[in-house]
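Peer 1: Return a 3D structure for these sequence lines:
(one chain, ligands or ions: 6)
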Amino acid sequence: MGRTSQAVLVILCVLRTVKAFEMEIIPAERIVAQIGDTLILTCNTTGCASPSFSWRTQMDSPLGGKVSNHRTHSTLTMNPVSVVNSHSYLCTVICESAEKERKEKSVKVELYSFPSDPIIEISPSLVAGEPATVICKIPDVYPSDHLEVSLKKDEDTLHEKDFFQDESTNTETKIVTYTFHSKPEDIGKDITCVARLHIADMDFEPKERASSQKFNANFGPQNTVITASPGNSPMEGDSLNLTCMTQSNPPAQIVWSKYLAEESIQHLIKSNVLSIPHVHFNDSGLYVCEVINPVTNKTEKATLDIIIQGAPVITKLSIEPSTTVQEGENVSIHCSAESNPPPKIILRRKSENANMGPFSDRSILLPSVRFQNGGDYECVAENKFGNSKSEITLNVKYGPKNTMITVIPTDTLKEGETVTMKCTSSGNPAPVISWKKKKATGESEEISKNATLTIQNLKSKDLGLYECEAYNLFGKEEKAVELYIQARLEEPDQMIPLIIAFSSVAAIAVPTVAVLIYVSRQAKINGSYSLVKALRLKV
Ligand SMILES: *[C@@H]1O[C@H](CO)[C@@H](O)[C@H](O)[C@H]1NC(C)=O
Ligand SMILES: *[C@@H]1O[C@H](CO)[C@@H](O)[C@H](O)[C@H]1NC(C)=O
Ligand SMILES: *[C@@H]1O[C@H](CO)[C@@H](O)[C@H](O)[C@H]1NC(C)=O
Ligand SMILES: *[C@@H]1O[C@H](CO)[C@@H](O)[C@H](O)[C@H]1NC(C)=O
Ligand SMILES: *[C@@H]1O[C@H](CO)[C@@H](O)[C@H](O)[C@H]1NC(C)=O
Ligand SMILES: *[C@@H]1O[C@H](CO)[C@@H](O)[C@H](O)[C@H]1NC(C)=O
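Peer 2: Numbers count the residues shown, from 1 in each chain. Ligands and ions are numbered 1, 2, ... in the order given. Coordinates of the predicted model:
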C-alpha cells in the first residue's frame, strides 16, 4: 500500500586489517525512517578477531527488530519499521582478544509516515447551488501533530486545518471535511487537497503531497430560450433555423414539438437546432423546446411563435359537386388561399365586363344553377406581398333551348323560288338538329340531318308543316314552320300562280318526353288538305 522509499539501507562492511579495535554503526548518527519501510542498522567492527555484539535501546524497551550476528558485524533489521522503533539504539561490542575491550555507540531512529497522496471525495450527485462537501483523507500519517491540510478551489483557498493539537502515538488516517455552496461557474475547477507534514530537522521527501479532482456539479436546465434565425417572421420559402439554448450539466436532452391548430402536439426532432430549409405557411405555429437534464430530472420549456409571411398561395379552388353539372343542381364554388398577413380573396365570374357576375369573398353559391352561370371563374388572393390568381371552368349541361327557325326570304314567295329554313338551338352539349316533314297521313318523315334546309324550285307539293328537332342528352325541343298558299295570282300566265307564305308554329321544349304541340293560323292540317282547296282561297 504505502510507497516504499529507498529506506532499505544496505551497509557494506569492508574488512581491513587494522591494529586497533574500532566499531561503528551504519548509518551513523540520526536516522529518519518511514513507518512501514525496512530499516537495517549495522554494527561493524575492525581490529577484533571475534567480537561479541549486543543491541539495546536506551530505555531498555523491546528492540522491535531482528538481530543477526556475523563474524565482524551485527545487523538489526526492523521490517517493517513501526512506532516501537522510535528510540536511540545502542550497539555494544566486546572484543575478547588480548584484554577485554568494550566499545559502544548509539544511533537515534526517528520515524515519520506519509506514504501516499490524499484521497479526495466530493459528495455525490451534486446540484449546483446546493452545498457540496469535499472530503480529503490523508492515510497513515505520523506524527499527525505536524500535519497541515489545505483545500483549494483552483488557486483560492477554501479551507485550512492543522492537527497540531493531536497526541499521536501511531499512524492515523486524517480526514478533513468541508462544505461550501457551489456555483455553476465552479464546474470544471480543480478542487485540490494539499497535505504538508513538516517536521523541523527531519529530512525526508516528500513533505508535501497533493491530489486534485475536477469539480462537477449537476445543474439546470435553466435559462432555456429559443432563438430564430433569420427571425420569427420569416418569408415563405426562406430557410429557418430555430436554436434551443439552455444551461445544463450534464447537457440536457432536447425535444422539439409544435402545437398544431387542434391543440395537439406534433413531435419533431431531438437536436438543439431545428432547421427548416424552405418554410411554408403551414410551418407557422408555436414551437416548443423541452429540455431535460438526465441526472437531475429537471425539465424546462421554451416556446416561440413563428409566423411565416408572404404573398398568398391559392390552396384550393373547387366546384361542388363537380365542374360539370346539370342545370338545376345546387352548385358552390370555393376558393381558399393562405398567407400572412391574411389574404383578401375575390372569387368572381370571369367576363369581359369585370364587374359583372356574382362575386363574394371566397365562395359563390348557385342554388339551382342556370346555364347562364356556366363559364370561367377566377379567384384572386392578394396581400401586401403580392397576389395569386387561379381559374376554374363551370360547365353547365342543359337541354336544347331557344330553338328558332329562320326562313329566307322573309317575304312571301312565289312558286319556283328557293326557300331556306335554318334551325338554331342552344344547349350543352350542342344539340343535334334534324328536320322532319309532316306527311298527309299525319306521320312525320325525317328529311334532313342538316340544320339548314333548302328547297329549290318551290312547288305545291312542298307545302306543309316542317318540323325542326333539337336534341341532346338532356332533352329535346321542337319548332315548326308551315308553308301555305297565301294567295293566288290572277295572271293570264298561269305558270306562277301561287303566293306562298309561312308561319311559325310554336313548339315546346321537351326536357324528358317530347310532345309536339303546334298551332296553326290556318285550318288544321290534316290528310284532306289539298292544293286544289287551297287554290280556291282568296285573300
Ligand atoms: C566494516 O568496516 C570495514 C572497514 O571500514 C569495511 O571494509 C567492511 O565492509 C565493513 N563491513 C560491513 C558489514 O559494513
Ligand atoms: C440554417 O442552418 C443551415 C445549416 O446549418 C445553414 O446552411 C443555413 O444558412 C442556416 N439558415 C439561417 C437562416 O441561418
Ligand atoms: C404544408 O404545405 C406543404 C406545401 O403545400 C405540404 O407539402 C405539406 O405537406 C404541408 N404540411 C402540413 C403539415 O400540412
Ligand atoms: C429520473 O427519472 C428516472 C426515470 O423516471 C429515474 O429512474 C431516476 O431515478 C430519476 N433520477 C432522479 C435523480 O430523480
Ligand atoms: C338545392 O338546395 C335546396 C335548398 O337547400 C334543396 O331544397 C334542394 O333539394 C337542393 N337541390 C338539389 C338538386 O340538391
Ligand atoms: C348542311 O348544308 C350546308 C349548306 O347547304 C353544307 O355546307 C353542309 O355540309 C351540310 N351539312 C351536312 C351535315 O350535311
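
Peer 1: For this structure, what lies in contact range of ligand 5?
Peer 2: 329-330, 367 (C-beta under 6 Å from any ligand atom). Where C-beta positions appear, they are placed from N, C-alpha and C, glycine not excepted.

Peer 1: got the buried residues for stretch 186-205?
Peer 2: Under the neighbour-count criterion of 16 or more other C-beta atoms under 10 Å, stretch 186-205 has 186-187, 189, 191-197, 199, 204 buried.

Peer 1: In which helix or strand does the closest residue to residue 265 other than its chain neighbours reside?
Peer 2: Nearest residue to residue 265, sequence neighbours excluded (C-beta to C-beta, 6 or more residues apart in numbering): residue 257, at 4.7 Å. Secondary-structure element containing residue 257, defined by DSSP states H and E: strand 253-259.

Peer 1: Output the longest strand belonging to this structure.
Peer 2: Looking across the chain with DSSP state E, the single longest strand is strand 386-408.

Peer 1: returning to that earlier point: after the strand holding residue 257, next one along is what?
Peer 2: In N-to-C order, the element after strand 253-259 by DSSP H and E is strand 265-267.

Peer 1: Show me what that next one is packed up against.
Peer 2: The contact analysis (3 or more C-beta pairs under 8 Å, 6 or more residues apart in numbering; DSSP states H and E) places strand 265-267 against strand 253-259.

Peer 1: Of all the residues in the strand it packs on, which ones are buried?
Peer 2: 254-258.

Peer 1: Can you tell me which of those lies closest to residue 275?
Peer 2: residue 256 (10.6 Å; C-beta to C-beta).

Peer 1: For that closest one, list each beta-bridge partner.
Peer 2: In this structure, residue 256 bridges to residue 289 when assessed by DSSP bridges.

Peer 1: Spit out the contact partners of it.
Peer 2: 242, 244, 267-271, 274, 287-290 (C-beta atoms under 8 Å, 6 or more residues apart in numbering).

Peer 1: Let's see that with 7 Å instead.
Peer 2: Each residue near residue 256 by C-beta atoms under 7 Å, 6 or more residues apart in numbering is listed here: 268-269, 274, 287, 289.

Peer 1: distance between the strand holding residue 257 and the chain's centre?
Peer 2: 7 Å (C-alpha atoms, centre = their mean, to the nearest Å).

Peer 1: from the middle of its chain, how far away would the longest strand of the chain be?
Peer 2: Distance, centroid of strand 386-408 to centroid of chain: 51 Å (C-alpha atoms, centre = their mean).

Peer 1: pLDDT value on the residue of the stretch 51-200 of the chain found nearest ligand 1, please?
Peer 2: Proximity of the stretch 51-200 of the chain to ligand 1 (C-beta to the nearest ligand atom) peaks at residue 73, 4.0 Å away. Confidence at residue 73, expressed as pLDDT, is 93.

Peer 1: Residue 191 belongs to a helix?
Peer 2: No - assignment of residue 191 by DSSP: H, G, I helix; E, B strand; the rest coil gives strand, placing it outside any helix.

Peer 1: My read is that it contacts residue 212, right?
Peer 2: Yes - counting by C-beta atoms under 7 Å, residue 191 does reach residue 212; the two are 6.3 Å apart.

Peer 1: Pull out the buried members of the contacts of residue 256.
Peer 2: Buried, going by 16+ other C-beta under 10 Å: 268, 274, 287, 289, out of the contacts of residue 256.

Peer 1: The third one: what secondary structure?
Peer 2: Meaning residue 287. Assignment for residue 287 (three-state DSSP): strand.

Peer 1: if I look at it, how far off is ligand 2?
Peer 2: 15 Å (C-beta to the nearest ligand atom, to the nearest Å).

Peer 1: if I pick that residue, what's in contact with it?
Peer 2: 226, 242, 256, 258, 303-304, 306.

Peer 1: Can you give me the pLDDT of it?
Peer 2: 93.

Peer 1: The chain against ligand 2: which residues are in contact?
Peer 2: Counting by C-beta under 6 Å from any ligand atom, the chain sits next to ligand 2 at 229-230, 239, 241, 275.

Peer 1: out of these, what pair is the most spread apart?
Peer 2: 230 and 275 (12.5 Å).

Peer 1: want to throw the buried residues of strand 253-259 into TSV with pLDDT and distance to ligand 1?
Peer 2: Converted to TSV, the buried residues of strand 253-259 look like this (pLDDT from 0 to 100; distance: C-beta to the nearest ligand atom, whole Å):
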residue	pLDDT	distance to ligand 1
254	93	75
255	92	78
256	93	81
257	91	85
258	91	89
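
Peer 1: ok, those vs ligand 2, which is closest?
Peer 2: Looking across those and measuring by C-beta to the nearest ligand atom, the closest to ligand 2 is residue 256, at 14.6 Å.

Peer 1: Average pLDDT for the strand or helix carrying residue 476, rounded please.
Peer 2: Assessed by DSSP H and E, residue 476 sits inside strand 475-488. Averaged over strand 475-488, pLDDT sits at 82.

Peer 1: tell me the phi and psi of the closest residue to ligand 5 within the chain?
Peer 2: Proximity of the chain to ligand 5 (C-beta to the nearest ligand atom) peaks at residue 330, 3.6 Å away. With angles defined as degrees, to the nearest 10, residue 330 sits at phi -90, psi 120.

Peer 1: Next, count neighbours for it.
Peer 2: Neighbour count of residue 330, defined by other C-beta atoms under 10 Å: 12.
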